[in-house]
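> for reference, the sequence and a predicted model appear below.
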Amino acid sequence: MIGRILDPIRPYFAAIALAAVVAGGLWVWRIDTLRASYKRQLGELRTEYAAFQTRIIDRTAEALRLDRARNAQVAAEQRAVIQETSNDYLKARDAELARLRERLRAIAPQANPGGGGAPGVPALPVLSTGPLRSGEAAIVDVADAEVCTENTLRLESLMAAWNAVAAIDPNERVPF
């Protein structure tokens, strides 16, 4: 029975076999072509990725160089601000201490000559200690007045230096 079914197509067996061999050959050729194409594309991709990695490394090195240059520039600006503030502080301190000494010298003749009649000795036997009551005057010697003046100026100059240094933006883009 199978023979009768195959009888009409028996003359075409050779053609069918030849077509199957040709189709198989084309299929193998297609796979080889695709494989070669994939290998070529993989090579191109690896080359492109290597170039990309090189660009990343180069740009990272450039960014690091620029960052170090900017950090050095910011540090130099901060040192300059601190030095300028320090110089201003020393000038202001000397001027203020001279002004304080002059003011104290000006009022010295009016001061009470002291309990024993010796000049420059306060009328009270010791300096005031503790908190003052309302209306009392503090007795402060010249050394304490100078220390207070110097500390006030030092604190003001430290605050000015801190504010000036904090105003320097380390992230500002500056061409190098």
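Received it, and whenever you're ready, just let me know what you need. Numbering: from 1, shown residues only.
> burial check on Ile57, number of neighbours?
Taking other C-beta atoms under 10 Å as the criterion, the count of residues near Ile57 is 10. Glycine gets a C-beta too; all of them are placed from N, C-alpha and C.
> can you check the pLDDT for it?
On the pLDDT scale, Ile57 is placed at 98.
> going forward can the numbers begin at 59, since that is how I track them
Sounds good: first residue 59 from here, last item Ile115.
> against Ala108, how distant is it?
As judged by C-beta to C-beta, to the nearest Å, Ile115 and Ala108 stand 11 Å apart.
> repeat that for Asp202.
For Asp202 relative to Ala108 (C-beta to C-beta), the value is 74 Å.
> what does Ser144 give?
53 Å.
> how far out from the middle of the chain is the top helix by length along the chain?
Identified as the longest helix of the chain according to DSSP state H is helix 71-165. Computed by C-alpha atoms, centre = their mean, to the nearest Å, the chain-centroid distance of helix 71-165 equals 16 Å.
> show me what it is packed against.
helix 200-224 (3 or more C-beta pairs under 8 Å, 6 or more residues apart in numbering; DSSP states H and E).
> what helices or strands is the helix it packs on leaning on?
helix 71-165.
> give me the residues contacting stretch 140-153.
Here stretch 140-153 makes contact (C-beta atoms under 8 Å, 6 or more residues apart in numbering) with Thr207, Glu208, Leu211, Arg212, Ser215, Ala218, Ala219, Ala222, Val223.
> any buried residues in that stretch, and which?
For stretch 140-153, burial by neighbour count (16 or more other C-beta atoms under 10 Å) applies to Ile140, Thr143, Tyr147, Arg151.
> tell me the one of these nearest Ala130?
Ala130 has its nearest neighbour among the buried residues of stretch 140-153 in Ile140, at 15.5 Å by C-beta to C-beta.
> and that closest one, what pLDDT?
94.
> gap between it and Pro228?
Relative to Pro228, and taking C-beta to C-beta, Ile140 is found at 15 Å.
> repeat for Arg117
Distance from Arg117 to Pro228, by C-beta to C-beta: 20 Å.
> same check on Leu216?
21 Å.
> got it, and Thr143?
From Thr143 to Pro228 the distance is 19 Å (C-beta to C-beta).
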